[in-house]
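Visitor: quick one: sequence and predicted model below, then my questions.
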Amino acid sequence: MDVNAVLTGTLSPDASIRTQAEQQLSQAAEANFQGYLQTLSTELANEQAQSQVRIAAGLALKNSFSARDYARLREVQNRWLTQLDTDTKLQVKSLAIQTLSSSDSRAGQSAAQFIASIAAIELPREQWPELMPALVENVGQGSDQKKQASLTTIGFICETEDQDLRDSLAQHSNAILTAVVQGARKEETNNDIRNAAITALGDSLEFVRTNFENEGERNYIMQVVCEATQAEDDRIKQGAYGCLNRIMGLYYEKMRFYMEKALFGLTIQGMKSEEEDVSKLAVEFWCTVCEEEISIEDDNAAADTADAMRPHFNFARVATQEVVPVLLELLAKQDEDAADDEYNVSRAAYQAVQLWAQAVGSNIVAPVLGFVEKHLRSEDWHYRDAAVSAFGAIMEGPDEKVLDPLVKQALPVLIGMMSDDNVQVKDSAAYALGRICEAVPDSIDPQDHLQSLITALFQGLTSHPKMASSCCWALMNLADRFAGEPGCTTNALSPHFQASVTHLLQLTETTADNQLRTAAYEVLNAFVTNAANDSVQLVANLSNVIIERLENSIPMMQQVVSIEDRLTLEEIQNSLTSVLIAITQRLEKEIVPQADRIMQLLLSLLSALGPKSSVPDTVFAAIGALANALDQDFEKYMQSFSTYLLNALNNQDEPQLCAMAIGLVSDITRALDVKIQPFCDQFMNSLLNNLRSTSLGNQFKPAILQCFGDIANAIGGQFEAYLSVVAQVLQQAAGISTQQEGAGSMEMLDYVVSLREGIMDAWGGVIEAIRHDGKATLLQPYIESIFNLLHTVYQDVNRTEALLRSSMGVVGDIAEAFPNGEFSHYYRQEWLTTMARDTRANKDFAPRTQETARWAREQIKRQAGLSPSKRQSRLNGSEYMQKAMEYQARRQLQREFFAPELCVAMPQARAEPLGTFVDLLRRLPAAANVQMS
C-alpha cells in the first residue's frame, strides 16, 4: 500500500476516491493495528512529507479512537488499551508530541487532535502523567509553532464532553492555567499564540474552579481576560468576550466586584464594536447574565430555606437603563439579505431583549416603549422593523396587567403594518402578532380583533415567501390559544373555521412554493386539532379532500424523474398524511366511516414507496392514530398490515423507521388488547433481535422494554411464555449504571435514566399481567432484583418524575400481587418509605405522580404490618382446602397446556406461544446475548 497516495485520497473531493482510500485504511487497521498506528504516526511526524499527507495521517489516527456513538467510542478506545504493547504506545505518543514542534502549523493542529483523543483514554486512568507538564513546558520554552500547537492541544483536551475526562482534568488545573494564562497575557507579541491561549482558556474554565475560588488567582485571570478584550486582533477580542460569557455562566456568584469595576463598561464597548462577531459575543454576555438570573429566581422560589437560596445581584435590572438602549439600536442593524437561519448581531440583540424582559419583568417596558414610539413611523425601514421587533420581544416577562392596555392599543397598528412597503417589516409584524397570540392572548378581543387579525395573517401568508413561517407560526399560536376547553361545543375559531380551511386548501393547491405549502398544511393541522364540536362535521368533510389528494399522489410516484421532484412529492405526501393524522385524532370514533378507505390508502402508499423514503414514518404515525381511534376494531387490518410492520421493525439499516415501528407496536398493542396475541411471537422475536443489535443505538432499548410491558398488559397471563427471557433481559438492563467504567458522559446518563424508566414500565406491565391470571408465584424469582433496582433508583440523584412514578407503580403492583406478605420484609426498609413519601410530597410533580406515590405508600404500610407466617396461620381448614384445590387446578391446567398431544387440539391462540416462541427461546442461549450497553 502506497501510504502517501492512500492518505491523500482520504482528503479527495471525489467521493469514490475518498471511499476507496478510507476502505484501504480500514483494511490496514484490521490486518495489523499496531503497525497501522506506527506507520501513520511516522508520517505525521515526517517533516519531509507533504502537508496534506501529514494532516490526513493525524485525522486517521484521531478517528481510530473517536466516535459519535457512545458504545462505539468505548469500543475503539478499548483497542488502545488492549491491543497495543507499551513500547508502541510510547512511540506513537512521542511522535505526536514531536509533531507539535513542526513548522507546518496544520500538521501541528492535526497532531493536537490525535493527542486529545489519546488523553481522553489515558488521563481518566491516571496514565500519561507527563503529558500536561510537557505541554506547559512547551508553552514556556518552545518555539512559536510549538507554543501555539501545545495551547491548541490543551484546548482540544478541555473541550471534551466525556465526563470521566472532565473529572480528571480538575487535578491538572494548575498546569492548564499556567500554560493558557502565560500565552494569553498582553505581553505575548505573537497573536496566533495569544489567540490559541485565550481559546484554550475558554475551554478550560470549567476545570479550574479551585483556582477561581482563590481571590488572587481569580483577579489575575480576570485581568488577563479583560485586557484581551482590548487587543487589536479581532480573534483575540472574540475569544476574550467568549471567556467572559463562560465565566458569567460558571461563576456568577463571584462576579459582583468585576461587574462594578469593569464588565459593564467593557461589554457596552464590545456591543458597539464595528466587528460583528465581537459585538455578538458582547451581546451574548448579557444573554448569559439574564439566563443566570432567571434560573436563580426559579431556584430561589423553590428553595425550602434561606440557606438554600443563591445570591442574586440583579445585574440586568441595575443595567437596564444603560444596556437596553444599546441593544435596541443593534436591532436596527438588520441584514435584509440574511438567510432565515443566519445568526447576526440584530438577531442576537433580539434574543437579549427577550431574555431581559423575562429577567426584569415590567422594568423593561419604559425604555422599550420609548424606542417604539420614537421609531414606529420612521422613514427608515430598519428602525420601523426594530420598533416592531422590540415590542414583540417583551411579550413574556412583564406583568400582563401592564402589557394589556399596550397590546390593545398596538394591535390595530401591528395589523396595519402587515401591509408595510418593506417585507422585513411585515415579517416582523407577523412574528410580533404571533408573540402576542402566544403570551398574552387574553388581550385579543375575539369580537374586535380576531377577524382582522386572521385576515391580515392569511394575506401575509400569500404575499411573500419570506413571511410564510412567521404568519404560519402566528396562526398556529392563535388556533392554540382560542381553542377553548377540550370538547367544548364552540370556540372563538368556529365562526372563522370554514373560511380559514377553504383559504388554506386553495393555497396548498395553487402555490408552487414548497416552503409555503408545507407551512400552510401545518396551519391546517392546528385548526383541525383545535376545532370545537360545532366544527366537527367540517373536519369530516375535510377528510374527503385530504384523502383524495393523497390518493391522487400515488400515480404521480411513477411519473417523477428527478430527485428534486421526488423529494417535493414526498414532502406533499408527508404534509397530507400529517393532516390526516390530525383529522383522525380529532374525529376519534367518528372516523369509522372512512377507516377502510384510509387504511387501504395507507397500505397502497407503503407498497408504492421505495427504500430510504421519509414518507413511511408519517404513514406509520397515521396508522397508529387510526388504531387508537378504532381500538379493537383495528384487528381486521392486521393481517394485511403486519408484514409492513415487521419489515420496518426488522429494518436496522433505517433506524428512524425502525424506531417508528417499535412505537407503533406499542400503539397497536394498547388498541387491540388481547387480540394482539396471534402476532406476539413475531413482534417479540423482532424486538429481542433489535435489543441484540449493535447497529441500533442505545436510544431504542428503553422503548423496546416499554413495549414488552404493553404486550404483557394486553395478553395477560399468556405472557408467561415470554416471561423467562424478558425477565433476564430486564435484570441485565438493571445492571447498567452510570458508575460503570467510562459511563460518565451526559449521553450515558440520559440513557441510563431512560433505560430504568423502560425497565420499570416493563415490570409494571408484566406484574399486572401475571397477577391478574393468578400466576403471581412465577414472579417470585425476580422480586429481589426488582427491589435492588428500586434501591438503586432511590440512591441515584439522577432520576426523573416518570421514573419515580413507574417505580411507585411497581412497588404497589408487587404488593397487590403478593397480598399475604410473602415479600413484606422489603416493605419494612426505611429507604422505600422515604422514597414514596418524598415522591408524594414533591410539589413540582403532576397529580398523577403524587397519587401513584400515595397509593404505593398505603401498600407499603399494609405490607409492613404483614408476615407470611402470621398471615397463613389465620387461614382456617376450609381456606386451606380451597387453596389446595386452586393449586391442583392450576397444575392440571399447566400440564394440559404443555402436553404436545393436547396442544394440537387447543385453540390456536393458546397453542402459538408454545410453538414458535419455544423455537425462539432455543435460538437464544442466554439473555447475555442481549447487549444492553
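Guide: That came through fine.
Visitor: can you show me the strands along this protein?
Guide: In the chain, no strands are defined using DSSP state E.
Visitor: where in it is pLDDT low?
Guide: Residue ranges of the chain with pLDDT under 70: 1, 738-745, 866-933.
Visitor: do that again at 50, thanks
Guide: For the chain, residues meeting the criterion pLDDT under 50 lie at 741-743, 869-933.
Visitor: now do the helices in the stretch 701-850 of the chain.
Guide: Along the stretch 701-850 of the chain, the stretches classed as helices by DSSP state H, counting those that start in this stretch are 720-734, 746-772, 783-795, 801-817, 824-827, 830-841, 847-864.
Visitor: closest one to Phe313 among the ones you listed?
Guide: Of all the helices of the stretch 701-850 of the chain, it is helix 746-772 that lies closest to Phe313, at 28.9 Å by C-beta to C-beta. Backbone N, C-alpha and C define where each C-beta goes, glycine included.
Visitor: distance from the chain centre to the closest one, please.
Guide: The chain centroid and the centroid of helix 746-772 are separated by 19 Å under C-alpha atoms, centre = their mean, to the nearest Å.
Visitor: and what of stretch 409-416?
Guide: That offset, for stretch 409-416, works out to 38 Å (C-alpha atoms, centre = their mean).
Visitor: can you tell which of the helices of the stretch 701-850 of the chain is closest to Gly397?
Guide: Closest approach to Gly397 among the helices of the stretch 701-850 of the chain (C-beta to C-beta): helix 801-817, 26.6 Å.
Visitor: pull out the buried positions in that closest one.
Guide: Residues of helix 801-817 classed as buried under the neighbour-count rule (16 or more other C-beta atoms under 10 Å) are 802-817.
Visitor: who does it touch, helix- and strand-wise?
Guide: helix 746-772, helix 783-795, helix 830-841, helix 847-864 (3 or more C-beta pairs under 8 Å, 6 or more residues apart in numbering; DSSP states H and E).
Visitor: make it 6 Å
Guide: Packing contacts for helix 801-817, counted by 3 or more C-beta pairs under 6 Å, 6 or more residues apart in numbering; DSSP states H and E, involve helix 746-772, helix 847-864.
Visitor: can you list the ones you listed in CSV and add distance to Thr229 and mean neighbour count?
Guide: Supplementary listing: the helices and strands packed on helix 801-817 in CSV, determined by distance: least, C-beta to C-beta, whole Å; neighbours: other C-beta atoms under 10 Å:
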stretch, distance to Thr229, mean neighbour count
helix 746-772, 31, 22
helix 847-864, 48, 18
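Visitor: the ones you listed: which one's closest to Ser613?
Guide: helix 746-772 (28.3 Å).
Visitor: next, the angle from the closest one to helix 801-817.
Guide: Counting by axes from the mean of the first three to the mean of the last three C-alpha atoms, to 10 degrees, helix 746-772 lies at 20 degrees to helix 801-817.
Visitor: can you lay out the helices of the stretch 701-850 of the chain as a markdown table showing distance to Leu605?
Guide: Formatted as a markdown table, those follow (distance: least, C-beta to C-beta, whole Å):
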| stretch | distance to Leu605 |
| --- | --- |
| helix 720-734 | 32 |
| helix 746-772 | 31 |
| helix 783-795 | 42 |
| helix 801-817 | 34 |
| helix 824-827 | 51 |
| helix 830-841 | 45 |
| helix 847-864 | 37 |
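Visitor: closest to Leu538 out of those?
Guide: Per C-beta to C-beta, nearest to Leu538 of the helices of the stretch 701-850 of the chain: helix 847-864, 33.8 Å.
Visitor: how far away is Ala366 from Val360?
Guide: 11 Å (C-beta to C-beta, to the nearest Å).
Visitor: picking up where we left off before, for Ala519, find the nearest of the helices of the stretch 701-850 of the chain.
Guide: For the helices of the stretch 701-850 of the chain, the distance to Ala519 is smallest for helix 746-772, at 32.0 Å, taking C-beta to C-beta.
Visitor: can you pull the contacts of Val181?
Guide: By C-beta atoms under 6 Å, 6 or more residues apart in numbering, the contact list for Val181 reads Val224.
Visitor: go again using 7 Å as the cut-off
Guide: Val181 is in contact with 201, 221, 224, counting by C-beta atoms under 7 Å, 6 or more residues apart in numbering.
Visitor: so who does the last one touch?
Guide: Spelled out, it's Val224. 181, 184-185.
Visitor: possible to save those residues as a markdown table with distance to Pro405?
Guide: Output for the contacts of Val224, formatted as a markdown table (distance: C-beta to C-beta, whole Å):
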| residue | distance to Pro405 |
| --- | --- |
| Val181 | 54 |
| Ala184 | 52 |
| Arg185 | 55 |
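Visitor: what about the nearest residue to Met638 once chain neighbours are set aside, how many neighbours?
Guide: Closest residue to Met638 apart from its sequence neighbours, by C-beta to C-beta, 6 or more residues apart in numbering: Phe679 at 6.4 Å. Around Phe679 sit 22 other residues, with neighbours defined as other C-beta atoms under 10 Å.
Visitor: kindly report the same for Ala512.
Guide: Neighbours around Ala512, by other C-beta under 10 Å: 7.
Visitor: against Ile572, how distant is it?
Guide: Noted for Ala512: a distance of 12 Å to Ile572, by C-beta to C-beta.
Visitor: quick one on the thing from earlier: out of the buried residues of helix 801-817, which one sits closest to Lys93?
Guide: Proximity of the buried residues of helix 801-817 to Lys93 (C-beta to C-beta) peaks at Leu803, which lies at 42.2 Å.
Visitor: near Gly265, how many other residues are there?
Guide: Around Gly265 there are 11 residues (other C-beta under 10 Å).
Visitor: any idea which of the helices of the stretch 701-850 of the chain gets closest to Gly434?
Guide: Counting by C-beta to C-beta, Gly434 lies closest to helix 801-817 out of these; the figure is 30.5 Å.
Visitor: Ser686 is in contact with Leu649, isn't it?
Guide: Yes - using C-beta atoms under 7 Å, Ser686 is in contact with Leu649, at 4.3 Å.
Visitor: may I have stretch 238-256 as CSV, with CA atoms only?
Guide: The C-alpha trace of stretch 238-256 is given here as CSV (Å, rounded to 0.1, in the frame of the first residue of the first chain):
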residue,chain,number,x,y,z
GLN,A,238,-13.8,37.4,20.3
GLY,A,239,-12.1,34.8,22.4
ALA,A,240,-12.0,37.2,25.4
TYR,A,241,-15.7,38.0,25.2
GLY,A,242,-16.4,34.3,24.8
CYS,A,243,-14.4,33.7,28.0
LEU,A,244,-16.4,36.4,29.9
ASN,A,245,-19.5,34.7,28.7
ARG,A,246,-18.5,31.3,30.1
ILE,A,247,-17.1,32.9,33.3
MET,A,248,-20.5,34.5,34.0
GLY,A,249,-22.3,31.2,33.4
LEU,A,250,-19.9,29.3,35.7
TYR,A,251,-19.0,31.8,38.4
TYR,A,252,-21.9,34.3,38.6
GLU,A,253,-21.6,34.4,42.4
LYS,A,254,-18.0,35.7,42.1
MET,A,255,-18.8,38.4,39.5
ARG,A,256,-20.2,41.4,41.6
